[in-house]
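Enquirer: okay, sequence plus prediction incoming.
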Number of protein chains: 2
Amino acid sequence: MPPDSITNPPSADSLELSASEREALGGAALGWVLKYFNEASAPPVYPTVGAAQLSALVDEALPQDAQPVAAVLEQFAMLASFGRNNGHPRMFGYVQSSGSFAGVAADFLTSAFNQNVTSWRSAPSATAVEHQVIDWMKAMSGFDREAGGILLSGGSLANFAALAVALRASTDVDVNQLGVGALPGKPRIYASAMTHMSIPKAAAMLGIGRDAVHLVPVDAEFRMDVGALRTQIASDRAAGHHPVCVVGNAGEVNTGAIDPLHDIAEVCAEQRVWFHIDGSYGGFAARAPRAAPALAAIGRADSLSLDPHKWLFAPLDAGCLLVRDPRHLKRAFTHGAAYVDVIADRDMSEFAFWDHGPELSRRFRALKIWFILKCHGARAITAAIDDNIAVAQTLAAAIDASPDFERLAPVPLSIVCFRYAPARLRGQRDTLNALNRTLMVDVQREGEAYLSNAMIGDDFALRACIVNYRTTAADMRVLLETIRRVAARTA
Amino acid sequence: MPPDSITNPPSADSLELSASEREALGGAALGWVLKYFNEASAPPVYPTVGAAQLSALVDEALPQDAQPVAAVLEQFAMLASFGRNNGHPRMFGYVQSSGSFAGVAADFLTSAFNQNVTSWRSAPSATAVEHQVIDWMKAMSGFDREAGGILLSGGSLANFAALAVALRASTDVDVNQLGVGALPGKPRIYASAMTHMSIPKAAAMLGIGRDAVHLVPVDAEFRMDVGALRTQIASDRAAGHHPVCVVGNAGEVNTGAIDPLHDIAEVCAEQRVWFHIDGSYGGFAARAPRAAPALAAIGRADSLSLDPHKWLFAPLDAGCLLVRDPRHLKRAFTHGAAYVDVIADRDMSEFAFWDHGPELSRRFRALKIWFILKCHGARAITAAIDDNIAVAQTLAAAIDASPDFERLAPVPLSIVCFRYAPARLRGQRDTLNALNRTLMVDVQREGEAYLSNAMIGDDFALRACIVNYRTTAADMRVLLETIRRVAARTA
C-alpha cells in the first residue's frame, strides 16, 4: 500500500505537491523502478494484449479534476505490464538496448534539475558536461579529438543533421538562405543498398528528395561495393551532378554489416566528397577487440552518428553527431549571418547549441552518459560490447552446427540472421518464408524470447540482435530450443 | 553519508548493479531530487561562475575504470549548484517553465520502463498512452477532435515538422521523392515579423531557404497585419509563386502577442493556404479565461505546435504537433510509397509513429504529460496559467504606476517587456538601452531574480516571462525593488 499522502488527490488548484506528498510519490516511483529492475529477467518478454483491449484500458476523457496519485501509479503499473521488456536477456528485437540502472538514476536527476541546454548562459554546468561527454564520445569511437558534436534524440535525427551539414559544406552557395534549388547541380548522396531508412527520409526532409540518394550495390557480405561507388561518383561528376556525401555503414541494422570504411575514405578523399558514417549501432564497438579492425577507419570520416541509447546502454533518448571540422556544424545550423567568421576559440560562455543543431530547447541528455561512463568505466562498456559480439558468434556457431537451422548472413557485430530450415524444406523459399514469419510471431507470443526479422534478398530471416549486457550464451540455447518447440507445435 | 553499497565502485566488468547498489543509488538520487524541490524557492536563481572555472571542474579524460557511485553523485550535486534554478519563483528568463514534481516522477518511470515508442508493436501500452495524451492536447487547446498528432522534443521540431507537412500538403507533386525543385512555383511562407527563429530555420533545413519566408508587418500591438498578408498572398499568386502556409503566433516569445487568428483563418480559407499556429508558448492558455477570447480561433488552424514543457509544466523535453487532417502528417513522413492509400481506421496494432514524424527511436514522452494531467487535473493547470497571466498584469500595472519604469509592450499573456527609465533619462534611447542591458546582467548576477531581454523596435527591453505556478504578485514587488536597488548601485 502506498503511503497515505498519495492516496488522496493533491490539494486542489495547486501544482505544488507538499514535501510529504513528494516524498511519498518519489518513494513509490522508486519502488516501481527497483521492482522493474529486480524482475528484468522474468518473462514474458512481450505481453499478450490486443490493441482494442489496450485502448479501452487507457481511454479516458481529459481529466478535469485531480486523481489520487496512488491510483495513477497503480494504473501506470498495470499499463507497464503491457510493455515490451527491453531489459530481458532474451529481448532480441531490433537494435534495442537494455538500458542500465546508472543511466536511469541519472535521467531522474536530469528531469528534476530540468536544465534547458540551449546555451552556456542558460545552463552553465549542463553545457560544460555535454561538452565533456562529446569529448568522451570521440574517444569511445576513435574519432578526431578536435571534432565538434551535439547530442540529439537518436540516430535518425543525427543522420538528418549530418546530411544537412554535408549539404551546406558541399558548396559556397548559401543554400540556407536561397534553398537547395541554388545548388550548382543535381545533389547526389551515395549509400549502400543496406542503408538505414533514415537516410532517404533525411533526403526527403532536406528538400533534395529521395531521388538524390543513389544506392550503391553490396557484395556477398552486404558491404558497399567501393568500385561501383567510385565509378558512380565519377560518372555523376561528368554529368554535372553535385555529389554531397557518401554514407558508410558502421553496423547496418539488418545484418550488422560494416562497409569497407578505409576504402570509402580513400574514394572520398580522391573525389573530395564528404564522408559520413552511420555508426548508430556499431560506432561504440570501435574499441572492442572483436570489431576494432573493421572499424579502425572511423576516424577518417567527416561526420559520425552514434546512439548512446544503443550500445552505451543509456535509457532513451540519446543520439549523437560528431563533425570533424566543427565550423561545418555551425555553418549548417546557425541562424545568423555571421557564420563565416566563426571564432573557434571564442569563450565558452558565448556558446549556443542552437547554432549547432536543429533543436532549441534541449533536455540534459548528457548526464546519463556521463553517469554511465563514470560509474562503470569505458573498459566495462567495451567489454560488454565485445561480449555481446562473442555471444552472437556463439549463436552463429550453434546455428551452423544444427541441421534444422540455416544462417543467412555473416556476423560482423552482434546481429544474427537465420531461419528455421529442417532438411525436408531446404530450398523451398516460399514455404520457408511463410514458416519463419509464423514462427517469429509465435515466438513473440510465447514470451520466452523476442525476435524481429530482416529480408535478406528474398529470404525472410529471423533476426536476433544482442545489445544487452545481461545476455549470455545460455540464452542462445534457450532461443534455439524455443524456436524448435514452437516449430514442432506449428508443423 | 551515502550507504556503503555506493561508496565503492560497482563490481568490475559488469554493468549490472546489484539489488542493494540499485537501492542505494536510487535512494540517493531521490534524496537529491527531494532536496532540490524543497529548496526551489531559495536563491540564487543563477550561479556566479565563469566558463573556464566550470570547464576545469568538469574536465576529465574518458574514465576507463569505475568510480564510486557516491563520488559521482557528489560531483553531480556540486555541478548542479552551477545550474540556473528554473523552478525558482523569480526565474523570469525566456519562456522557461518550472517543471513539476508529478512530471519528474513520471519521467523517472519513463527512463526505467525504457520503451522505444516507434510503433504499437514495439511499445503497445506507451503507444496507447501517447494517443490518449494527443487527444488531451486537442482538448486542452481547443483543437479539432479528429486531428492527428505526435510528440516531439519541442517547439522547434514541431514547427519544422509542421512546415514539412504544409509543404507536402501544398502540392500533388511528390516532393519527398523529387525534391522541392519540383514545386510548381517559388515556395512562400508567411509569418509575422515577430515569428520565432525556428520558422526561418525550418525553411532553411527543408531546402526552400530562408528567402521563402515573407515577414508580414505587425501592428502597434505586434500582431500580424492581416490586410498586408492578404495583399502579399494575392500578389505572390499573380507572380506565379507557390504559397505554402501562413504561420500565426499564439503567443510569440518576445511580447506574448497573439496574431488575429480568426482573420488569418479567413484569409487562409479564401486563398486555400495551410494555416499553422505556433502555440508553443500560448496554446495551452486557450481555456484560461484571461486569454481564451484571443485564442478562440485555434481550432480553425490546419496545424498547431504546442510545448507541454512550457505551460503544461512537464520537465524537458516535450513538444507536440497537431494536424487537423491526420493523412497529411503521414503523407509528409511516411517512407513507403503507400501513403496515398492511408486507411484511417486501420487497426491500431499497425500504427507506427515513424510514419508521422521525423524520429524513429522515441522516448516515452507522453507519460509525464499523462501523469501531470491525471494527478492535478486540467482545471488546476488552466488555473495556474490564468494566474500567471494575472500576475503578469499585476506587474504591468505596477510598472504603469511607477515613474521610474516604462512598459514597452501590451501584456496579452504572461510576458512583460519594460525598462528602467527614471524621468531624467526619458527619451534618451541609447542611454536607456545601455543602462538596461547593464541592469539585466547585474540583476542576474545578484541572484534574486533572473530576467532576459527583447528588442522592441530599437528599444532594449527587460523581459519578464511568468511560466511558473510558484510565482505570485509578491514576486513582482521583489523584482521591481531588486531592479531599483541594482540601479541605485549602478548609477
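Expert: Nice, I can see it.

Enquirer: all helices for the stretch 151-300 of chain A, in order.
Expert: A:155-169, A:175-178, A:198-205, A:226-238, A:261-271, A:292-295 (DSSP state H, counting those that start in this stretch).

Enquirer: for the last one, buried residues please.
Expert: Pointing back at helix A:292-295 there. Neighbour counts over helix A:292-295 (16 or more other Cβ atoms under 10 Å in any protein chain shown) mark A:Ala294, A:Leu295 as buried. C-beta here means a position set from N, CA and C on the backbone, and glycine is covered the same way.

Enquirer: avg pLDDT for that helix?
Expert: Confidence for helix A:292-295, expressed as mean pLDDT, is 98.

Enquirer: after that helix, next one along is what?
Expert: Counting by DSSP states H and E, the next helix or strand C-terminal to helix A:292-295 is strand A:303-306.

Enquirer: what does that following strand rub up against?
Expert: Outside strand A:303-306, the residues within contact range by Cβ atoms under 8 Å, 6 or more residues apart in numbering or on different chains are A:137, A:140-141, A:143, A:155, A:158-159, A:162, A:165-166, A:250, A:274-280, A:283-284, A:298, A:319-324.

Enquirer: how far does that strand sit from its chain's centre?
Expert: Taking the mean of its C-alpha atoms, strand A:303-306 sits 11 Å from the chain's own mean (Cα atoms, centre = their mean, to the nearest Å).

Enquirer: average pLDDT for that strand, rounded please.
Expert: Looking at strand A:303-306 alone, the average pLDDT works out to 98.

Enquirer: direction included, what does the following helix or strand past that strand pair up with?
Expert: Taking DSSP H and E as the definition, the helix or strand that follows strand A:303-306 towards the C-terminus is strand A:319-323. Each strand that pairs with strand A:319-323, with its direction, by DSSP bridges: strand A:148-152 (antiparallel), strand A:303-306 (antiparallel).

Enquirer: just name the most buried of those strands.
Expert: The highest mean neighbour count among the strands paired with strand A:319-323, using mean count of other Cβ atoms under 10 Å in any protein chain shown, belongs to strand A:303-306: a mean of 32.

Enquirer: the stretch 351-491 of chain A: strands as residue ranges?
Expert: Counting by DSSP state E, counting those that start in this stretch, the stretch 351-491 of chain A has these strands, from start to end: A:405-407, A:415-420, A:452-456, A:459-465.

Enquirer: between the ones you listed, which gets nearest to chain B?
Expert: If you check each of the strands of the stretch 351-491 of chain A against chain B by Cβ to the nearest Cβ, strand A:452-456 wins as the nearest, at 9.0 Å.

Enquirer: export only the CA atoms of the closest one, formatted as PDB.
Expert: As requested, the backbone C-alpha atoms of strand A:452-456 are provided in PDB (Å, rounded to 0.1, in the frame of the first residue of the first chain):
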ATOM      1  CA  SER A 452      12.400  -9.400 -35.200                       C
ATOM      2  CA  ASN A 453      13.100 -10.000 -38.800                       C
ATOM      3  CA  ALA A 454      15.100  -8.900 -41.800                       C
ATOM      4  CA  MET A 455      14.700  -9.600 -45.500                       C
ATOM      5  CA  ILE A 456      18.000 -11.000 -46.800                       C
END
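
Enquirer: which residues touch the residue of the stretch 201-350 of chain A found nearest chain B?
Expert: Closest approach between the stretch 201-350 of chain A and chain B, counting by Cβ to the nearest Cβ: A:Gly207, at 2.0 Å. Shown in contact with A:Gly207 (Cβ under 8 Å, 6+ apart): A:Gly179, A:Val180, B:Val175, B:Gly179, B:Val180, B:Leu206, B:Gly207, B:Ile208.

Enquirer: most neighbours among those, which one?
Expert: For these, the largest number of neighbours (other Cβ atoms under 10 Å in any protein chain shown) sits with B:Gly207, at 30 neighbours.

Enquirer: which residue, other than its chain neighbours, is closest to that one?
Expert: Counting by Cβ to Cβ, 6 or more residues apart in numbering or on different chains, B:Gly207 lies nearest to A:Gly207, which is 2.0 Å off, once chain neighbours are set aside.

Enquirer: any idea how far chain B is from the closest residue to A:Ala352 other than its chain neighbours?
Expert: Ranked by Cβ to Cβ, 6+ apart and with sequence neighbours excluded, the top spatial neighbour of A:Ala352 is A:Ser119, at 3.9 Å. The spacing between A:Ser119 and chain B, counted by Cβ to the nearest Cβ, to the nearest Å, is 10 Å.

Enquirer: so A:Ser119 sits against A:Thr127, correct?
Expert: Yes: contact status for A:Ser119 versus A:Thr127: in contact at 6.8 Å, counting by Cβ atoms under 8 Å.

Enquirer: mind checking the backbone torsions on the residue nearest to A:Ala352?
Expert: Dihedral pair for A:Ser119: phi -170, psi 170, per degrees, to the nearest 10.

Enquirer: for it, what are its contacts?
Expert: Residues touching A:Ser119, when contacts are defined by Cβ under 8 Å, 6+ apart, comprise A:Thr127, A:Phe351, A:Ala352, A:Phe353, A:Trp354.
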